[in-house]
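pasting a predicted model and its sequence here:
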Amino acid sequence: MAEDIKVIVFKLGTEEYGIEVDKVQTIERMMPITRVPKTYAFIKGVINLRGVVIPVIDLRGRFNLEEADHTDQTRIIIVNVNEMEVGFIVDSANDVIDLNRDSIDTPPDVVGGIKAKYLDGVAKIGEDRLLIMLNLPEVLNKNEIVQLESLEG
């Protein structure tokens, strides 16, 4: 019998995505981001979170989705990727659910314009809800991680 995992659900536009809770450090409200020159466009800069400098990535930009204005629902999800803390800007993060691993299917080649390599799978929730599970190590490739490590404090 497959195990249940806890997943944080967040939105980019109308699509719902999931990250396993054990990879998430904290979820923060939007805060001022210090721009850093000569970085990838989707790297928005760094934040100072309780004395720790954390690079911040706009997931919409990372996935080549249309940019959207930040609202009072916008959140920064602080995750641990490859031994490094990184913040992901998302439209909203409002749910933690239990998900059975058996409900996660292999992703098709492209889901909502996002390449399959960035995804761990697609989970069916109930009758009409799909949750796109992110593959965090692939969301950042090695070159990008090297660039982020130089920003991390």
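Cool, the structure landed. As the structure is a computational prediction, the values presented were derived from the model and not from experiment.

now the spatially most central residue of the chain, which residues is it bridged with?
When CA atoms, centre = their mean is applied to the chain, the residue found nearest the centroid is residue 88 (5.0 Å). Beta-bridge pairing for residue 88 (DSSP bridges): residue 57, residue 77.

got it, and the one 5 residues further on?
Judged by DSSP bridges, the bridge partners of residue 93 are residue 10.

may I ask which helix or strand of this protein has the lowest mean pLDDT?
Counting by mean pLDDT, DSSP states H and E, the weakest-scoring helix or strand in the chain turns out to be strand 110-111, with a mean of 60.

all helices of this protein, in order?
Assigned by DSSP state H, the chain shows helices spanning 59-62, 136-139, 142-151.

CA atoms only: put the first one into CSV for me.
The reference is to helix 59-62. Extracted in CSV, the C-alpha atoms of helix 59-62 (Å, rounded to 0.1, in the frame of the first residue of the first chain):
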residue,chain,number,x,y,z
LEU,A,59,8.1,30.6,-10.7
ARG,A,60,6.0,32.3,-13.4
GLY,A,61,9.1,33.5,-15.1
ARG,A,62,10.9,30.2,-14.6
